[in-house]
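> Fold the following and give me the result.
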Amino acid sequence: MAATGFHTLSAVGLFNGEKHKHPLGVTLPPARRFSASVTVFSSRLVDYEQPFVKSFWNYLEAAKDFIRPEDNGPSRWFSPLERSKDPCDGAPLLLFLPVFLIAVVVDSAERCLFLQGCLISGACTYQRAIALLSQIFLSDSLTLWMLLDLVAMVETTVKYENQRSPGKPIYLVGESLGACIALAVAACNPDIDLVLILSNPATSFGHSSLQHLAPLVKALPDQLNLAFPSVLSLIPVLSNMVKNLTMQILADTFRRETLLWKLKLLDAAAIFANAHLHLVQAQTLILSSGNDQILPSKYEGKRLRKKLLKCEVRSFKDNGHCLFLEDGIDLVSIIKATSFYRRGSRQDYVSDYIPPTISEFNKSYGINRLLEVIMGPVFLSTTEDGKVVRGLGGIPSEGPVLLVGNHMLLASDKISLPGQFVHERNINLRPLVHPMMFSRLRDGLLPDVSVYDMLRMMGSVPISGTHLHNLLSAKSHILLFPGGIREALHRKGEEYKLMWPEKAEFVRAAAKFGAKIVPFCGVGEDDFLKVVVDYNDQIKVPLVKEVLKRVTAEGPEVRGSLEGEEGNQDFHMPGVIPKCPGRYYYYFGKEIKTGAEELRDRDKAKEVYADVKKEVERCIKFVKQRREEDPYRPLLPRLKYHLQHGLLSQVPTFHF
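Residues are numbered from 1 along each chain as shown. This next block holds a predicted model:
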């Protein structure tokens with residue numbers, strides 16, 4: 001599979017834990033100076049490694065080499081110009097626009113201080129493109145001129161790169177003021193394919209306490225310049241930096257005139273961006289901090305989501321203003337989890353997919369680890385010679401492979417399966433899921449799509465015939481539940497009842513690519529939950545029935561043309577009561593090979609379809625009978641075993 005990633009005017013990427021940089025030969029008009037490098041990611045499945053992560057202080061040290069105090073030139077792009085061992089074909093361009101309020105300060109004494117140099121990431125390290133501003137003592141008219149000059153600078157680069165690589169998106173990542181500039185550029189260029197990633201946009205400046213800071217700063221006498229570091233130390237993200245630098249350096253750097261000018265620039269940028277929001281056509285992702293002490297970002301994200309045409313919001317309730325400087329924030333992971341990464345005009349869930357890194361996998365696996373211990377899942381598979389083995393050793397290594405099984409209550413099977421395939425076989429499973437996990441037709445009562453970010457990170461794809469075709473052509477391992485949400489939200493007494501449609505379309509699709517079909521079952525939901533109020537009970541109440549219709553209308557429709565129970569895909573939450581935890585079992589039967597005969601002959605395809613369904617039912621019956629012999633089916637014996645042998649130990653099960 002081809003490598004994927006970002007070509008960036010500002011980034012250094014890590015490939016398998018090692019730095020890979022690649023020069024980007026760009027020629028711009030002579031009035032602008034810039035250099036560039038490339039961030040490279042691989043979508044090949046490899047052994048995971050923990051990447052080397054640069055710190056903020058590493059960046060401060062490196063900044064000395066490419067920023068000269070005597071340089072009073074115009075605003076420009078810059079980044080360390082380094083060479084890559086592995087060029088990345090087809091990767092989009094990423095431009096970073098930093099938070100100018102505290103990111104770059106250049107004063108009359110020609111001192112430079114960088115407060116935001118690199119993105120600390122578990123997957124890679126970004127060194128950002130920063131536009132330096134050398135003139136700081138400006139009047140109001142010059143402040144507006146400088147703002148327009150910054151917008152024009154970014155716009156020139158965007159237009160040039162769009163002509164140079166048509167058909168590819170250009171990513172603008174902006175923080176605070178940089179987010180305002182990104183919005184302005186997008187508003188002025190609605191025909192260019194831009195993707196905006198905006199962290200705590202300064203469009204909320206008019207509602208922040210910063211606007212009241214300018215009169216106070218003006219009233220302070222020059223002798224109180226030394227007090228500015230004390231004021232800055234009140235900002236949480238700056239407190240550690242203040243402790244590590246001398247007061248004299250800070251006093252020289254954060255001069256009163258510098259702060260006044262930057263406040264004016266923020267005000268002008270916010271007014272300009274807000275006035276042009278209705279013109280923005282770009283796909284936009286707002287990253288809002290819930291603990292932002294500088295701007296009211298928590299509410300600004302919600303406001304912008306209503307104002308912008310194609311906008312999504314992700315909230316970080318415990319983080320502050322400088323989001324990318326805080327531990328645990330990984331821009332690459334956010335872009336991947338929100339399905340904002342693409343290399344063409346439309347997203348391709350196959351070629352645009354980047355497998356999770358070790359840190360991303362550990363984060364996902366760690367979240368579910370407690371559930372794994374409680375569920376105690378047992379995995380059984382069948383080899384080619386018909387032998388049943390513990391684990392996933394019977395699953396074919398080479399794709400395409402289509403894993404077809406029953407959905408358990410509340411789709412709880414999605415918790416264990418993808419992670420287990422990566423952990424045991426180093427196989428990225430691609431589950432086909434309901435499109436409501438990716439998009440909404442309208443806002444309402446359904447959970448926000450951010451709830452499903454981790455599932456998207458692990459490779460989930462919205463179900464459709466096109467996506468199934470593309471995944472099969474890419475020789476992927478695909479997870480398919482033909483029963484859909486009708487099985488996942490089943491009625492009372494329908495445990496393990498298959499609600500599959502009559503058409504055998506997935507068999508013919510698999511036959512087109514000679515895919516192997518592996519029937520499997522999941523058993524154990526009845527050991528954890530009992531349905532006491534189902535859909536049939538809920539629709540008897542007129543008010544509840546009306547609410548369920550509205551909720552169903554919020555998400556994309558699947559199988560709306562089917563009649564009967566198979567087409568009944570209404571969203572609802574069944575009323576359940578917990579039971580004393582038992583154990584989950586996953587049993588993968590013997591693979592069924594497909595070929596040209598099933599593709600040509602519909603009757604043969606129906607026959608294979610019936611065989612797959614019959615095999616799933618046989619697997620269910622086998623596990624339900626044999627689990628009665630499992631001494632570790634109850635939770636307490638398993639906990640005792642873990643205490644004696646460790647949490648990572650494999651708990652025994654019934655003989656097979």
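> Let me see the contact set for K545.
Residues in contact with K545 (CB atoms under 8 Å, 6 or more residues apart in numbering) are 538-539. Heads up, the C-betas are built off the backbone N, CA and C, glycines and all.
> Against V551, how distant is it?
11 Å (CB to CB, to the nearest Å).
> ok, now A337?
24 Å.
> So the two - more neighbours on which side?
Neighbours were counted for A337 and for V551 using other CB atoms under 10 Å; A337 has more, 22 against 16.
> Which residue comes closest to the more buried one once chain neighbours are left out?
D453 (3.9 Å; CB to CB, 6 or more residues apart in numbering).
> The one you found: neighbouring residues, count only.
Neighbours of D453 using other CB under 10 Å come to 19.
> What strand or helix carries the closest residue to S339 other than its chain neighbours?
Leaving aside its chain neighbours, S339 sits nearest to R456 (5.5 Å; criterion: CB to CB, 6+ apart). Here R456, judged by DSSP states H and E, is contained in helix 453-457.
> tell me what that helix is packed against?
Judged by 3 or more CB pairs under 8 Å, 6 or more residues apart in numbering; DSSP states H and E, helix 453-457 is in contact with helix 331-337, helix 358-367.
> So which of the ones you listed is the most surrounded?
helix 331-337 (a mean of 23; mean count of other CB atoms under 10 Å).
> other SSEs contacting that one?
Checking 3+ CB pairs under 8 Å, 6+ apart, helix 331-337 ends up next to strand 194-199, strand 283-289, helix 358-367, helix 453-457.
> which strands and helices sit next to the third one?
What that stands for is helix 358-367. helix 331-337, helix 413-420, helix 453-457.
> downstream neighbour of it in the secondary structure list?
helix 369-375.
> Return the set of buried residues in that following helix.
372, 374-375 (16 or more other CB atoms under 10 Å).
> How about stretch 429-448?
Going by neighbour count (16+ other CB under 10 Å), the buried part of stretch 429-448 is 429-438, 440, 446.
> In helices, which of the residues you listed fall?
Among those, DSSP state H puts none in helices.
> I'd like those laid out as CSV, including distance to K159 and pLDDT.
Formatted as CSV, the buried residues of stretch 429-448 follow (distance: CB to CB, whole Å; pLDDT from 0 to 100):
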residue, distance to K159, pLDDT
L429, 41, 95
R430, 37, 96
P431, 40, 96
L432, 39, 96
V433, 38, 94
H434, 40, 91
P435, 35, 91
M436, 37, 90
M437, 36, 90
F438, 31, 91
R440, 33, 86
L446, 39, 87
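> Using JSON lines, lay out those residues together with distance to K218.
What follows is those, written out as JSON lines (distance: CB to CB, whole Å):
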{"residue": "L429", "distance to K218": "61"}
{"residue": "R430", "distance to K218": "59"}
{"residue": "P431", "distance to K218": "59"}
{"residue": "L432", "distance to K218": "61"}
{"residue": "V433", "distance to K218": "57"}
{"residue": "H434", "distance to K218": "57"}
{"residue": "P435", "distance to K218": "55"}
{"residue": "M436", "distance to K218": "53"}
{"residue": "M437", "distance to K218": "52"}
{"residue": "F438", "distance to K218": "50"}
{"residue": "R440", "distance to K218": "47"}
{"residue": "L446", "distance to K218": "50"}
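> which residues touch T383?
389, 393-394.
> now, among these, which is nearest to P652?
Set against P652, the nearest of the contacts of T383 by CB to CB is V389 (14.3 Å).
> Next, the closest one: phi, psi?
When read as degrees, to the nearest 10, the backbone of V389 gives phi -130, psi 160.
> Can you name the residues bridging to it?
Here V389 sits in beta bridges with S381, as judged by DSSP bridges.
> name the element W145 belongs to?
According to DSSP H and E, W145 maps onto helix 140-164.
> Against which helices or strands is the next helix-or-strand element following that helix packed?
Along the chain past helix 140-164, the next helix or strand (assigned with DSSP H and E) turns out to be strand 170-175. Secondary-structure packing of strand 170-175 (3+ CB pairs under 8 Å, 6+ apart): strand 93-97, helix 140-164, helix 177-188, strand 194-199.
> a markdown table for the ones you listed, including mean pLDDT, distance to G465 and mean neighbour count?
Below are these laid out as a markdown table (pLDDT from 0 to 100; distance: least, CB to CB, whole Å; neighbours: other CB atoms under 10 Å):
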| stretch | mean pLDDT | distance to G465 | mean neighbour count |
| --- | --- | --- | --- |
| strand 93-97 | 85 | 33 | 26 |
| helix 140-164 | 84 | 33 | 17 |
| helix 177-188 | 95 | 34 | 27 |
| strand 194-199 | 96 | 27 | 26 |
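> so where's the chain uncertain?
1-76, 78-89, 99-142, 220-255, 559-568 (pLDDT under 70).
> which residue is nearest the middle of it?
Centroid-nearest residue in the chain: A337, 1.4 Å away (criterion: CA atoms, centre = their mean).
> Is it correct that that residue is in contact with G459?
No: A337 lies out of contact with G459 (CB atoms under 8 Å); the separation is 11.2 Å.
> Tell me where the stretch 451-600 of the chain has helices.
Along the stretch 451-600 of the chain, counting by DSSP state H, counting those that start in this stretch, helices occupy 453-457, 465-473, 484-488, 505-512, 535-538, 542-554, 596-600.
> deepest of those helices, which one?
helix 484-488 (a mean of 24).
> got the CA coordinates for stretch 507-518 in PDB?
What follows is stretch 507-518 as a C-alpha-only set of coordinates in PDB (Å, rounded to 0.1, in the frame of the first residue of the first chain):
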ATOM      1  CA  VAL A 507     -20.900 -13.300  -1.600                       C
ATOM      2  CA  ARG A 508     -20.800 -12.100  -5.100                       C
ATOM      3  CA  ALA A 509     -18.600  -9.100  -4.100                       C
ATOM      4  CA  ALA A 510     -16.200 -11.600  -2.400                       C
ATOM      5  CA  ALA A 511     -16.200 -13.900  -5.400                       C
ATOM      6  CA  LYS A 512     -15.200 -11.100  -7.700                       C
ATOM      7  CA  PHE A 513     -11.800 -10.900  -5.900                       C
ATOM      8  CA  GLY A 514     -11.500 -14.500  -4.900                       C
ATOM      9  CA  ALA A 515     -11.900 -13.600  -1.200                       C
ATOM     10  CA  LYS A 516     -12.000 -16.100   1.600                       C
ATOM     11  CA  ILE A 517     -15.200 -15.900   3.700                       C
ATOM     12  CA  VAL A 518     -14.700 -16.900   7.400                       C
END
